[in-house]
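Student: With the input below, show me the fold.
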Amino acid sequence: MDSRQIAEKRADAKIEFQENLYKYLIVNVIIAIICLLFLQSFWLLFFTMFFGGFGVLDKFFKAYSIKNHREEMIKRELSKMGE
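Tutor: Residues are numbered from 1 along each chain as shown. Take a look at the predicted model:
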């Protein structure tokens, strides 16, 4: 992979995380309003926040993971070895 493809892959992962975060926030605000107006309890909101949060965290770790740092370390080591 050349550096442009790697940069595009990282940018796509970050954009996907941001989109997922915005959707998560919008859905939770809508559910909070529904819970407040009609249900008078917030168990549905806590349920969606908890389990929906796993998806957001997954996208976060894919976008901002240690893999990026690992790839940079590998390149550094290869350059030290003369390859």
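
Student: Name the single longest helix found in this protein.
Tutor: Across the chain, the longest stretch assigned as helix under DSSP state H is helix 3-34.

Student: Pull out the buried residues from it.
Tutor: By neighbour count with 16 or more other C-beta atoms under 10 Å, helix 3-34 contains the buried residues 10, 13, 17, 20, 24, 28, 31. In this view, the C-beta of every residue, glycine as well, is placed from N, C-alpha and C.

Student: cool, stretch 32-45 as well?
Tutor: Across stretch 32-45, burial judged by 16+ other C-beta under 10 Å covers 35, 45.

Student: separation between Gly52 and Trp43?
Tutor: From Gly52 over to Trp43 the distance is 14 Å, taken as C-beta to C-beta, to the nearest Å.

Student: same check, this time on Leu25
Tutor: From Leu25 to Trp43 the distance is 19 Å (C-beta to C-beta).

Student: re earlier: for the buried residues of helix 3-34, which one is nearest Arg70?
Tutor: Closest approach to Arg70 among the buried residues of helix 3-34 (C-beta to C-beta): Arg10, at 12.9 Å.

Student: Show the pLDDT at the closest one.
Tutor: Per-residue confidence for Arg10 comes out at a pLDDT of 81.

Student: That one and Met49: what is the separation?
Tutor: Distance from Arg10 to Met49, counting by C-beta to C-beta: 28 Å.

Student: can you list the weak-confidence ranges in this protein?
Tutor: Low-confidence segments of the chain (pLDDT under 70): 1, 66-69, 83.

Student: ok, 90 please
Tutor: 1-14, 35-36, 38-48, 58-59, 61-83 (pLDDT under 90).

Student: For Leu21, give me its contacts.
Tutor: Shown in contact with Leu21 (C-beta atoms under 8 Å, 6 or more residues apart in numbering): 56, 59-60.
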